[in-house]
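>>> next one to model:
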Amino acid sequence: MLSNKTLSRWGFIIASLLIISLILWNTYIFFNQLKENERTKMEIWAAAYNDLLQNSTVGEMILTVIQSNTSTPMILYTEKEKVYTHRNIDSLDINSIEKNQKLIAQFSSEYTPIEIRTEDELLSTIYYGNSPLINKLKYYPAFLILIIFLFILAVYLFYKTSKSSEQNRLWAGMAKETAHQIGTPLSSLVGWAEILKTENVNPEYILEMEKDITRLETITDRFSKIGSIPKLERCDLVSETKATFHYLKKRSSKLIEFQLHIPEDPIYVQMNPQLFSWTLENLVKNGIDAMKGKGAIHIAIEKNSKFALVHVTDTGKGLTKSEFRKIFTPGHTTKKRGWGLGLSLAKRIIEEYHNGKIRVLKSIPNQGTTMEIALKTENSI
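Purely as a prediction, here's the structure:
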């Protein structure tokens, strides 16, 4: 059953189509009426011209009719003299025989030429076309449709922007609430870790526990920053990538083979370390999910004249080309469980906050996928 919003949208679309159809239909009727009036006017003009040809003296009314036509373009061809006479036509349009014949062909397609006869003899033929008013009216429906289209487009963009803004506020609110909720048990864990240090507990266990607490603090910081513009700072992309790599490797299944290929020299970029680490973590976890927990993850860093490129490659099920853009759409997910927010947030972090780019570099079904993050290097900013 259709929702009220869906019914309203369809109602708006149908109403718009009906309005456009009515306008076009009325414009078409009006256009034909003008053409009929133009035909009647020219037939009266032809009758007056015929009287002028056959009578040596004509009344003032005949002259008025002939002189009053100042808008309809016409070509008068006299059979006996084989001469073309023009009225209401720019001389530039008829400065050659070819243009003259082309204009006659155009007029003949718009109106049937009027023949002036006396008994069985053809005296003249009048070729005439649309007046400037009718020519302008021809394009009126197109301009009207364009205006209506632009109006509908403006309404659609406004609706889409307001909906996106509403979703962003919702996500920001959920993220900040999550950060708030994590904060309370996190404080308790910090306290328990301090208590355990006084007990006879293996220090290595406490050290690993503190690392996870630090990680939870980082995650809380990430969520608390959603909805606000993060602060960027000069960081070494190589060392930040390396730190995230080792953390994920240590806490992932032994069935995942991790490989790292990074340059020895630092690469400095403007970034927020916590948000970049979150993005990299999302890409790695998506790759692990695509491999169903068994396979290889390869992270590499390259550099060109403008960008530092981070490549995350998995040996999972891969993507079809039609999915390359869809995976960044909020709510799109190929998992049975999941909200489809990870990659959309990653795209926002990289492209909106870091002025970088994130994309599917390549993917082959049943072979794997390579994701690419591109960040401007220090020299290109």
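
>>> spit out the contact partners of residue 152.
residue 16 (CB atoms under 8 Å, 6 or more residues apart in numbering). (Each C-beta comes from the backbone N, C-alpha and C, glycine too.)

>>> secondary structure class for it?
helix (DSSP: H, G, I helix; E, B strand; the rest coil).

>>> and the one 4 residues further on, by the same measure?
In terms of secondary structure, residue 156 is helix; the call rests on three-state DSSP.

>>> ok, now residue 122?
Residue 122 - assigned by three-state DSSP - is strand.

>>> try residue 208
If you use three-state DSSP, then residue 208 falls in the helix class.

>>> where's residue 18 relative to residue 26, distance?
13 Å (CB to CB, to the nearest Å).

>>> surely residue 279 meets residue 371?
No. The criterion here is CB atoms under 8 Å, and residue 279 misses it with residue 371 at 9.8 Å.

>>> which of those two has more neighbours?
residue 279 (30 against 25; other CB atoms under 10 Å).

>>> what's the helix or strand where the more buried one lies packed up against?
Here residue 279, judged by DSSP states H and E, is contained in helix 273-290. Contacts defined by 3 or more CB pairs under 8 Å, 6 or more residues apart in numbering; DSSP states H and E place helix 273-290 against helix 203-225, strand 233-236, helix 237-250, strand 295-303, strand 307-314, helix 342-347, strand 368-376.

>>> which secondary structure elements does the fourth one sit against?
When you say that, I think you mean strand 295-303. helix 237-250, strand 256-261, helix 273-290, strand 307-314.

>>> and the ones you listed: which comes nearest residue 324?
Proximity to residue 324 (CB to CB) singles out helix 273-290 among the helices and strands packed on strand 295-303, at 13.9 Å.

>>> okay, the helix holding residue 279 in PDB with CA atoms only?
What follows is helix 273-290, C-alpha atoms only, in PDB (Å, rounded to 0.1, in the frame of the first residue of the first chain):
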ATOM      1  CA  PRO A 273      44.300  11.600  12.200                       C
ATOM      2  CA  GLN A 274      41.300  10.100  14.100                       C
ATOM      3  CA  LEU A 275      38.900  10.500  11.100                       C
ATOM      4  CA  PHE A 276      41.500   9.200   8.600                       C
ATOM      5  CA  SER A 277      42.100   6.200  10.800                       C
ATOM      6  CA  TRP A 278      38.400   5.600  11.000                       C
ATOM      7  CA  THR A 279      38.100   5.700   7.200                       C
ATOM      8  CA  LEU A 280      41.000   3.300   6.800                       C
ATOM      9  CA  GLU A 281      39.500   1.000   9.400                       C
ATOM     10  CA  ASN A 282      36.100   1.100   7.500                       C
ATOM     11  CA  LEU A 283      37.800   0.100   4.300                       C
ATOM     12  CA  VAL A 284      39.700  -2.800   5.900                       C
ATOM     13  CA  LYS A 285      36.700  -4.100   7.800                       C
ATOM     14  CA  ASN A 286      34.600  -4.000   4.600                       C
ATOM     15  CA  GLY A 287      37.300  -5.900   2.800                       C
ATOM     16  CA  ILE A 288      37.300  -8.600   5.600                       C
ATOM     17  CA  ASP A 289      33.600  -8.900   5.400                       C
ATOM     18  CA  ALA A 290      33.800  -9.300   1.600                       C
END
